[in-house]
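[1] no sequence on this one, just coordinates:
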């Protein structure tokens, strides 16, 4: 899948302290952790590169992301619900328990991420690419997938019900124990081995 990458041509290296003075996160590159607990509310990260940042003491609330890359960051249990993500990359990140409920994601990459228990319920995906990512026990309930690609990604025990999609391809993914309904199975692209696991949902028994 071809995604539009974040526009980071004019970023300058800085620190959280400098950004917090004006409560502005625009055209910046931060690779040093902040040492005090803080809540960031109702902000837009625009043109930002975060590297090796542990966000566990930084609470993000109502943060929109435009032209942002997170590389080797810990964003576990952060809340991106009801937000707008455009041209965003999560690379080698921890997203355990992170939520994107009713969020609009456009041109978003998840690559080599740990996303167990993450939640994308009722979100809208347009040009979203999951690559080599662990999504075990994540939820995609009622997700609208206008254009999404999943490559070599673990969907083990995922909730994949009430999906709105046109030919979602999970043939390169692990789907053992994933929860599907009939609506989500329609037009789903799978491989021969996965068909054996899913056929029982149709009430068919293999003898």
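    Done, it's in. No experiment lies behind these values; they were computed from the predicted model shown.

[2] next, count neighbours for residue 19.
    Number of residues near residue 19 (other C-beta atoms under 10 Å) recorded here: 19. Glycine gets a C-beta too; all of them are placed from N, C-alpha and C.

[3] swap in residue 14?
    Counted with other C-beta under 10 Å, residue 14 comes out at 15.

[4] distance check, it against residue 55.
    To residue 55, residue 14 is 17 Å away according to C-beta to C-beta, to the nearest Å.

[5] list phi and psi for the residue nearest the centre of the chain.
    Here the mean C-alpha position of the chain is nearest to the C-alpha of residue 110 (C-alpha atoms, centre = their mean), at a distance of 5.7 Å. Per-residue torsions, residue 110: phi -120, psi 110 (degrees, to the nearest 10).

[6] that one is in contact with residue 88, isn't it?
    No. If you go by C-beta atoms under 8 Å, residue 110 and residue 88 don't touch, sitting 9.3 Å apart.

[7] look up how far residue 193 lies from the nearest residue to residue 23 once chain neighbours are set aside.
    Nearest residue to residue 23, sequence neighbours excluded (C-beta to C-beta, 6 or more residues apart in numbering): residue 43, at 6.7 Å. Between residue 43 and residue 193 the computed distance is 46 Å (C-beta to C-beta).

[8] the two: who's more crowded?
    Applying other C-beta under 10 Å to residue 43 and residue 193 shows that residue 43 carries more neighbours, namely 17 against 9.

[9] wait, what's in contact with the more buried one?
    Shown in contact with residue 43 (C-beta atoms under 8 Å, 6 or more residues apart in numbering): 23, 25, 62-64.

[10] out of the residues you listed, which comes closest to residue 118?
    Of all those, the one with the least separation from residue 118 (C-beta to C-beta) is residue 63, at 16.3 Å.

[11] for the helix-or-strand element of the chain with minimal mean pLDDT, packing partners?
    Counting by mean pLDDT, DSSP states H and E, the chain has its least confident helix or strand at helix 192-198, which shows a mean of 82. If you count contacts as 3 or more C-beta pairs under 8 Å, 6 or more residues apart in numbering; DSSP states H and E, helix 192-198 packs onto no helix or strand.

[12] residues touching it, excluding its own?
    So helix 192-198 is contacted by 170-171, 175-176, 180, 185, 190, 206 (C-beta under 8 Å, 6+ apart).

[13] now do the buried residues in it.
    194, 198 (16 or more other C-beta atoms under 10 Å).

[14] likewise stretch 55-70?
    Buried residues in stretch 55-70, counting neighbours by 16+ other C-beta under 10 Å, are found at 55, 58, 60, 63-70.

[15] residue 176 touches residue 156, doesn't it?
    Yes. Applying C-beta under 8 Å as the test, residue 176 and residue 156 come out as touching, 5.2 Å apart.

[16] so for these two, which sits in the more crowded spot?
    Neighbours were tallied for residue 176 and for residue 156 using other C-beta under 10 Å; the higher tally belongs to residue 156 (17 against 12).

[17] so how far is whichever helix or strand residue 21 is part of from its chain's centroid?
    Using DSSP states H and E, residue 21 sits within helix 16-22. Mean-position distance between helix 16-22 and its chain equals 27 Å (C-alpha atoms, centre = their mean, to the nearest Å).
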